[in-house]
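[1] predicted model and sequence follow; I will ask about them next.
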Amino acid sequence: MASHRSRLFCLRTLSLSIFFYCTYCHFQLVLGNDVDSCKSLRLGQYLCKEPRIDDATQEPANCKDMIAWVECLPAPNVSCRLSNGTEFRFSGEEVGFNQSIPCRNVSGYSYKIAVALSLFLGWLGADRFYLGYPALGLLKFCTVGFCGIGSLVDFMLISMQIVGPSDKSDYIVDHYGARLTRLSITNDTYRRTQISP
């Protein structure tokens, strides 16, 4: 009976020491002095300010080389390392880092005007003239919008943003409007290997 109690005591002691060791390691990991860079914060640990939008282009006002920068504020009581290497604990009001957001190449062609011209004057080719395709505009004008069929097809293509300006720029669309994002697969695209059954 005594050996059974001693084994039970040893087992309890061992399990408690393992528990306390795991708890200690966990707190060392969580409360350790290793502070990451502010740019490696996870979503929810920071909030980025909205960019200032240019009224004429509906793109961020500070856009250079198809990239704009916005200021990001780490959440209160978050500590991270600034770009100069100093560790800082934020109160939620200080700027911690800048994050890049993409810009689009716009050159003055409005999406709303292109759709309106296609809907109301598409049979005269006004939509194609506006987008910079004078040959197709003249052909649509001479054939009365290819007897209406070409006007309907062009309206669908322009409203789905498949046909755009001739200079390969993007339409001016409201910044928080219905923008089209094209997804494509190239040789640089990561492809997940398929598991065969």
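    Nice, I can see it.

[2] for E50, give me phi and psi.
    phi -70, psi 140 (degrees, to the nearest 10).

[3] sec struct for the residue most central in space within the chain, please.
    Residue closest to the average C-alpha location in the chain (Cα atoms, centre = their mean): I101, at 7.1 Å. Here I101 is strand, with the state taken from DSSP: H, G, I helix; E, B strand; the rest coil.

[4] what's near enough to touch it?
    51, 60, 67-70 (Cβ atoms under 8 Å, 6 or more residues apart in numbering). Backbone N, C-alpha and C define where each C-beta goes, glycine included.

[5] which among the residues you listed gets closest to L124?
    Closest approach to L124 among the contacts of I101 (Cβ to Cβ): P60, at 36.4 Å.

[6] tell me how many other residues surround that closest one.
    21 (other Cβ atoms under 10 Å).

[7] pretty sure it contacts I53?
    Yes. Contact criterion Cβ atoms under 8 Å: P60 and I53 qualify, at 6.5 Å.

[8] so W123 versus T57, what's the distance?
    Distance, W123 to T57, by Cβ to Cβ, to the nearest Å: 31 Å.

[9] chain center to the top strand by length along the chain, what's the gap?
    In the chain, assigned by DSSP state E, the strand with the most residues is strand 67-74. Distance of strand 67-74 from the chain centroid (Cα atoms, centre = their mean, to the nearest Å) equals 13 Å.
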